[in-house]
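**Student:** I would like the atomic coordinates for the input below:
(2 chains)
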Amino acid sequence: NAGVTQTPKFQVLKTGQSMTLQCAQDMNHEYMSWYRQDPGMGLRLIHYSVGAGITDQGEVPNGYNVSRSTTEDFPLRLLSAAPSQTSVYFCASRPAWGPSSGANVLTFGAGSRLTVL
Amino acid sequence: GIQVEQSPPDLILQEGANSTLRCNFSDSVNNLQWFHQNPWGQLINLFYIPSGTKQNGRLSATTVATERYSLLYISSSQTTDSGVYFCAVETSGTYKYIFGTGTRLKVLA
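**Tutor:** Okay, here's the model as predicted:
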């Protein structure tokens, strides 16, 4: 059971390049989400998904696309990278919502550090 | 949208000291979690606590949902407690987690 796996751990891009941050979980979690963390700030929600084929926007969705074709994977795409997207990106998942406490605990991946020059 | 404020923003302790971290939120929530981000950047869930009190070793947490705040207590602090502590809330039906800006804790040996 690997939990939430993010790749790559580090990436450097030039302005205008595109790339995909990968996120996979092996816990059969319905809910998956992407966050960015900037220095001195908390995490901000980019996009989230409540199941395969269903995605929605968070607080800061501009410049990012997502899709959810399987329960396991939730990739985050940067279509045309900008220096303002330099950040640490975290993927997180949790089971389907429900009354039990275990259903509502968000589990994070190790993060991906992205630098856009 | 809901606002989440954490205090204090920074805290320096001697090893063995106790501390209380606070999280205030501006609306009713159905999900509240406390996380520890270690110096390597990893985020670890400490408590899922939308209401009530829980304890896990030297850590405990209390959420008073009617008054819209949560407290995280760290007793007999150790250097390994250093890092940033975040609270995150989710309001009913939104599936959107809002994080506070964190409390940065440094425990000195």
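**Student:** and the strands in the chain, which stretches?
**Tutor:** Just going to use chain A. In chain A, the strands defined using DSSP state E lie at A:4-7, A:10-13, A:19-25, A:31-37, A:43-51, A:54-57, A:64-66, A:76-78, A:87-94, A:107-108, A:112-116.
**Student:** ah, I was thinking of chain B
**Tutor:** Using DSSP E, the strands found in chain B span residues B:4-7, B:10-14, B:19-25, B:31-37, B:43-48, B:52-56, B:59-64, B:69-74, B:83-90, B:97-99, B:103-108.
**Student:** on that earlier part again, so which of the strands of chain A comes closest to residue B:22?
**Tutor:** Smallest distance to residue B:22 across these (C-beta to C-beta): 18.7 Å, for strand A:43-51. To be clear about C-beta, it is placed using only N, CA and C from the backbone, and glycine gets the same treatment.
**Student:** off-centre distance for that closest one?
**Tutor:** Remark: strand A:43-51 is offset 7 Å from the chain centroid, using C-alpha atoms, centre = their mean, to the nearest Å.
**Student:** contacting residues around the residue in chain B that chain A sits nearest to?
**Tutor:** Closest residue of chain B to chain A, C-beta to the nearest C-beta: residue B:99 (3.5 Å). Residues near residue B:99 by C-beta atoms under 8 Å, 6 or more residues apart in numbering or on different chains: A:35, A:42-44, B:4, B:86-88.
**Student:** same question for residue B:9.
**Tutor:** B:101-104.
**Student:** could these be laid out in JSON lines, adding neighbour count, distance to chain A and pLDDT?
**Tutor:** Output for those, formatted as JSON lines (neighbours: other C-beta atoms under 10 Å in any protein chain shown; distance: C-beta to the nearest C-beta, whole Å; pLDDT from 0 to 100):
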{"residue": "B:101", "neighbour count": "16", "distance to chain A": "5", "pLDDT": "93"}
{"residue": "B:102", "neighbour count": "23", "distance to chain A": "6", "pLDDT": "96"}
{"residue": "B:103", "neighbour count": "22", "distance to chain A": "11", "pLDDT": "97"}
{"residue": "B:104", "neighbour count": "16", "distance to chain A": "9", "pLDDT": "96"}
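**Student:** related to what we said a few turns ago, how about the contacts of residue B:99 in a markdown table, adding neighbour count, distance to residue A:63 and pLDDT?
**Tutor:** Output for those, formatted as a markdown table (neighbours: other C-beta atoms under 10 Å in any protein chain shown; distance: C-beta to C-beta, whole Å; pLDDT from 0 to 100):
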| residue | neighbour count | distance to residue A:63 | pLDDT |
| --- | --- | --- | --- |
| A:35 | 28 | 14 | 98 |
| A:42 | 21 | 19 | 86 |
| A:43 | 28 | 17 | 95 |
| A:44 | 17 | 13 | 96 |
| B:4 | 24 | 24 | 96 |
| B:86 | 24 | 24 | 97 |
| B:87 | 31 | 27 | 97 |
| B:88 | 25 | 23 | 96 |
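**Student:** show me what the most centrally placed residue in chain A is bridged to.
**Tutor:** Most central in chain A under C-alpha atoms, centre = their mean is residue A:34, positioned 2.6 Å from the mean C-alpha point. Taking DSSP bridges as the rule, residue A:34 bridges to residue A:47, residue A:91.
**Student:** so how far is residue A:6 from it?
**Tutor:** 10 Å (C-beta to C-beta, to the nearest Å).
**Student:** many thanks, we can stop here.
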